[in-house]
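Participant: sequence-free structure coming up:
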């Protein structure tokens with residue numbers, strides 16, 4: 001099961017209470033205060049793990065809890081601090097705090113998300129909830145005029161709250177298009193990814209990320225996104241489940257069924273997809289993009305291809321057949337110029353899902 005967004009409750013540990021204690025010994029029956037401080041509560045820490053590709057762990061356990069610190073002891077001994085608890089999330093996870101409010105007219109409880117962390121780097125950490133500080137023992141309250149203080153402070157509570165985790169796939173280029181345009185086949189031929197391929201809509205129900213090798217030293221990453229339909233910007237169909245995953249892509253590859261199988265018009269399909277992307281995000285619509293005219297091996301494709309070239313004169317169009325590999329070399333060369341990275345300088349391979 002693939003989960004790319006989830007609500008969780010997190011609570012860090014409470015700090016241990018300070019100790020109210022007085023030294024008692026064989027020759028000091030009425031010794032001074034020696035109560036120690038309480039230990040620190042454990043924090044909730046998130047780790048961006050490159051080997052994790054889904055938030056499904058939190059679907060079964062949506063409560064993230066850390067232990068409390070121990071109470072201070074005698075002889076000014078500080079209580080044991082609780083260990084921080086590390087929870088792994090996929091690289092590309094956006095963390096938002098859930099703010100709840102009440103609609104003054106209907107009384108309905110409303111939720112708004114306030115993003116405050118974006119874990120985009122492998123092994124990046126973020127303290128989601130900080131553990132409470134330990135309280136002070138009575139040894140801290142001794143003065144020249146107050147020799148036997150009975151004061152101490154309790155440990156501070158740990159931070160807590162409700163949070164929203166949202167995974168946004170990280171890839172250099174995203175394959176965008178209607179269902180059955182051939183995106184999954186194209187990804188499988190360009191990279192080592194093994195997406196599910198079948199002749200029915202929404203075969204791809206989750207983002208698939210693959211690594212494309214241009215040569216021994218240069219690589220890039222491609223994401224096959226669930227198929228888009230009209231109204232996706234209003235969350236129709238897979239809607240936002242699709243669109244959130246292309247927000248990080250540097251380049252968009254609009255894949256069209258050039259043969260117009262199933263009675264589709266490739267020009268209308270492309271115009272619809274472009275419109276939905278723009279409605280969702282003006283910033284996303286301004287990203288570099290080009291057209292991959294797929295299924296050129298099917299009868300009728302040549303006629304539609306000429307129409308595509310006439311309609312999109314200023315846009316690069318690459319005629320290909322993902323099924324038999326025709327035109328793939330030129331497409332690879334273009335992708336190398338657009339997204340190719342030197343593996344020696346800071347390339348982080350994204351695991352193939």
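Facilitator: Everything's here; your move. Small disclaimer: the values here were computed from a predicted structure and weren't measured.
Participant: mind giving me the packing neighbours of the helix or strand where residue 283 lies?
Facilitator: Per DSSP states H and E, residue 283 falls inside helix 282-285. Under the contact definition 3 or more CB pairs under 8 Å, 6 or more residues apart in numbering; DSSP states H and E, helix 282-285 sits against helix 266-280. For the C-beta atoms, the positions are set from N, CA and C on the backbone; glycine is no exception.
Participant: do you know the pLDDT at residue 100?
Facilitator: Per-residue pLDDT puts residue 100 at 88.
Participant: and the helix or strand hosting it, which residues are buried?
Facilitator: Taking DSSP H and E as the definition, one finds residue 100 inside strand 93-102. Within strand 93-102, the residues that count as buried by 16 or more other CB atoms under 10 Å are 93-96.
Participant: quick one: the spatially most central residue of the chain from residue 50, how far?
Facilitator: Centroid-nearest residue in the chain, with CA atoms, centre = their mean: residue 93, separated by 1.8 Å. Here residue 93 is placed at a distance of 12 Å from residue 50 (CB to CB, to the nearest Å).
Participant: residue 208 now?
Facilitator: The value you get for residue 208 to residue 50, if CB to CB is used, is 16 Å.
Participant: tell me which of these two has more neighbours.
Facilitator: More crowded of residue 208 and residue 50, by other CB atoms under 10 Å: residue 208, with 26 against 17.
Participant: name whatever forms a beta bridge with that one.
Facilitator: Listed by DSSP bridges, the beta-bridge partners for residue 208 are residue 224.
Participant: check the one 5 residues further on too.
Facilitator: On the basis of DSSP bridges, residue 213 is bridged to residue 219.
Participant: the helices in the stretch 1-150 of the chain, which residues?
Facilitator: For the stretch 1-150 of the chain, the helices defined by DSSP state H, counting those that start in this stretch cover 57-60.
Participant: any stretches of it with poor pLDDT?
Facilitator: Counting by pLDDT under 70, the stretch 1-150 of the chain has low-confidence residues at 1-2.
Participant: one more pass at 90, please.
Facilitator: Counting by pLDDT under 90, the stretch 1-150 of the chain contains low-confidence residues at 1-5, 23-32, 50-56, 90-92, 100-111, 120-122, 144-148.
Participant: what comes up buried for the helix or strand containing residue 184?
Facilitator: Here residue 184 is covered by helix 183-190, with elements defined by DSSP H and E. Residues of helix 183-190 classed as buried: 183-190 (neighbour count, 16+ other CB under 10 Å).
Participant: swap in stretch 298-309?
Facilitator: Buried residues in stretch 298-309, counted by 16+ other CB under 10 Å: 298, 301, 304-305, 308.
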